[in-house]
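Enquirer: Sequence plus predicted model, see below.
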Amino acid sequence: MNEAMNSIQQGLNEALSFAKGKQNKAVVHDFSPIDVKNIRTQIGMSQNEFASAFGISVSTLRHWERGDRKPQGPALVLLNVVAKEPQTVLRALAN
C-alpha cells in the first residue's frame with residue numbers, strides 16, 4: 001500500500017508543478033477538436049453502425065456531427081484514435 005501511495009503522491013506533485021508552469025517529466029496529450037462526421041464517413045459507416053461499434057449513443061453522435069456538442073474526455077481520445085487507426089480499434093473491440 002505504501003508503494004501505491006508514494007506513486008499517487010508523486011503524480012500529484014508532478015501535476016501541481018505542471019499547473020504552476022514548471023518543467024517536469026509530465027506527458028501532456030492535447031487533442032484538438034475533430035470532425036466526427038468525416039471520421040464516420042471515411043470508415044464508411046452509417047450513424048447507427050458507428051454508434052454501435054464504438055459504444056456511443058446515436059443521439060450523442062448526431063449532436064457531435066451537427067456541432068451542438070463536442071466530444072470531450074475519453075470520447076475525444078477514442079475518436080482521435082479511431083481517426084488514425086479505425087481498423088485496429090474495431091479489431092480490439094471485437095475481441
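Expert: Now that the structure is in, tell me what you want to look at. These numbers were taken from a predicted model, which means no experiment stands behind them.
Enquirer: now the helices: where do they sit in this protein?
Expert: For the chain, the helices defined by DSSP state H occupy 2-19, 36-43, 47-54, 58-66, 73-84, 86-94.
Enquirer: which residues are contacting the last one?
Expert: So that's helix 86-94. For helix 86-94, contacts defined as CB atoms under 8 Å, 6 or more residues apart in numbering pick out Ile39, Gln42, Ile43, Ala53, Phe54, Gly55, Leu78, Val81, Val82. Placement of C-beta: from N, CA and C, glycine included.
Enquirer: Contacts only, for the second one.
Expert: Right, the one you point to is Gln42. So Gln42 contacts Ala83, Pro86 (CB under 8 Å, 6+ apart).
Enquirer: Report pLDDT for it.
Expert: Here, the pLDDT recorded for Gln42 equals 95.
Enquirer: swap in the first one?
Expert: Per-residue confidence at Ile39 stands at 96 (pLDDT).
Enquirer: need the contact list for it.
Expert: Per CB under 8 Å, 6+ apart, neighbours of Ile39: Leu79, Val82, Ala83, Pro86.
Enquirer: Before we move on, what's the pLDDT of the residue nearest the centre of the chain?
Expert: In the chain, the residue lying closest to the centroid (CA atoms, centre = their mean) is Val77, at 1.2 Å. Model confidence at Val77, given as pLDDT, is 90.
Enquirer: same thing with Gln9?
Expert: pLDDT, Gln9: 89.
Enquirer: just Asn24 next, same as before
Expert: Looking at Asn24, its pLDDT reads 66.
Enquirer: for Asp35, same thing?
Expert: At Asp35, pLDDT is 95.
Enquirer: Roughly how far does it sit from Arg62?
Expert: In this view, Asp35 and Arg62 are 14 Å apart by CB to CB, to the nearest Å.
Enquirer: May I ask which of the contacts of helix 86-94 has the most neighbours?
Expert: Val82 (23 neighbours; other CB atoms under 10 Å).
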